[in-house]
Each structure stands twice: as structure tokens, then as C-alpha cells.
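Peer 1: Could you look at this predicted model? Sequence included:
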Amino acid sequence: MNKAVIGTILLTASVLFTACQPRALLNEKKSFAGQQWAHADTLDFQVAIKDTVQLYDLFLEVVHSPEFPNQNCYIRIFTLFPDGQRMDKLVSLELADKSGAWFGRCNSKSCRLTIPLQTGAYFNQPGDYLFTLEQYTRMDPLPGMQAMGMRIVPAPKKPGE
């Protein structure tokens, strides 16, 4: 096979693969200056929801250094609903197993991990939702935290739907 045929096959495969991925309603990442997350450095992620019937999957994308000092990281997630109601939840982000081996993909400079927050979630009000994340550990600032992101995608349809 010549290079043009192989290139065409690879391009077609990549287009088909990306076409099958659900389109993200939110896919945003925020970096921390100096690789430190202070208590005062809250992260805001806003998303507009139109479809209240669709189910969604919510993920956090965590990037930390391999020298991160803890096995986990506590965060508080605040959700502001379109009607003004506010809810909060304390979440432990598990970054390593009990032996200290990091979850996710690591190299010498960083570890990247996708953590499911909620699968099959629905939003019962159309409008703008604001998610605010704050670090909730005893360390201020928390060293080794490089970036945090949030992704919201339509949940895959189950067979028979």
C-alpha cells in the first residue's frame, strides 16, 4: 500500500471515531499558578442546560505532580441552580491506591486522571448551572496540584432506548 492510501484510511478512521464520541456540553480546564491550590482559589465552571430529559455524565479531570503529598484530595463542590438554589457536596478524589501507586496516566512531570463525579445525571431545570470547586484539605496552599477540569457529556443510550 502506498502512503496516500494509508493516510486516507487513517483520516477516515479518525473522523469516524470522533463522530461517535458524545459532544461535550462543558469541557474546561483551569491551571494553578505555581502548582499550588489555595483555599481562596475557587474554580467556577458554568454550563447552559436546555434538555431536561437527556441524561448526562459528569467528570473531573485532575492533573497533579508525581510528588503530590497525599493519596487523595478533598474538595467541596457547590452547584448553583438556575432558580438560585445552591447545593454543596464534599468529595474525596482518590488519586492513588493504598500502596501509593498513582491512578491515571503518569510521566516524570505529571499524572492525569479522569474521575467520574456522576453518571446518568439529569438536570431538572433548563438554564445556567454554576459549579464551584474549592479545595478542602488541611494544607493551604495544597502543593503539587497542576490543573483541574470539568467535563459534562450526554450519557450513552442504553440498549432498548
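Peer 2: Yes, it's here.
Peer 1: Now residue 53: closest residue in space, sequence neighbours ignored.
Peer 2: In space, residue 53 comes closest to residue 122 once its chain neighbours are excluded; the distance is 7.5 Å by Cβ to Cβ, 6 or more residues apart in numbering. (C-beta placed from N, C-alpha, C; glycine too.)
Peer 1: Over to residue 146?
Peer 2: Nearest-residue entry for residue 146: residue 63, 4.3 Å, with adjacent residues in sequence omitted and distances by Cβ to Cβ, 6+ apart.
Peer 1: and residue 45, what are its bridge partners?
Peer 2: Each beta-bridge partner of residue 45 is listed here, defined by DSSP bridges: residue 131.
Peer 1: Tell me how many other residues surround it.
Peer 2: Look at residue 45: counted by other Cβ atoms under 10 Å, it has 21 neighbours.
Peer 1: Going along the chain, name the strands of the protein.
Peer 2: For the chain, the strands defined by DSSP state E cover 26-31, 36-37, 43-49, 56-64, 72-80, 86-94, 105-106, 111-121, 127-135, 142-143, 145-154.
Peer 1: neighbouring contacts of the third one?
Peer 2: It stands for strand 43-49. Contacts with strand 43-49, where a contact means Cβ atoms under 8 Å, 6 or more residues apart in numbering, come from 25-26, 28, 30, 82, 123, 125-134, 148, 150, 152.
Peer 1: buried subset of these?
Peer 2: Of all the contacts of strand 43-49 considered here, the ones buried according to neighbour count by 16 or more other Cβ atoms under 10 Å are 25-26, 28, 123, 129, 131-134, 148, 150, 152.
Peer 1: got the residues you listed as a markdown table, with pLDDT columns?
Peer 2: Formatted as a markdown table, the entries for those read as follows, by pLDDT from 0 to 100:
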| residue | pLDDT |
| --- | --- |
| 25 | 95 |
| 26 | 98 |
| 28 | 98 |
| 123 | 96 |
| 129 | 98 |
| 131 | 98 |
| 132 | 98 |
| 133 | 98 |
| 134 | 97 |
| 148 | 98 |
| 150 | 98 |
| 152 | 98 |
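Peer 1: Throw these into CSV and include distance to residue 87, thanks.
Peer 2: Putting the buried ones among the contacts of strand 43-49 into CSV (distance: Cβ to Cβ, whole Å) gives the following:
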residue, distance to residue 87
25, 19
26, 18
28, 20
123, 12
129, 11
131, 10
132, 11
133, 14
134, 14
148, 19
150, 16
152, 16
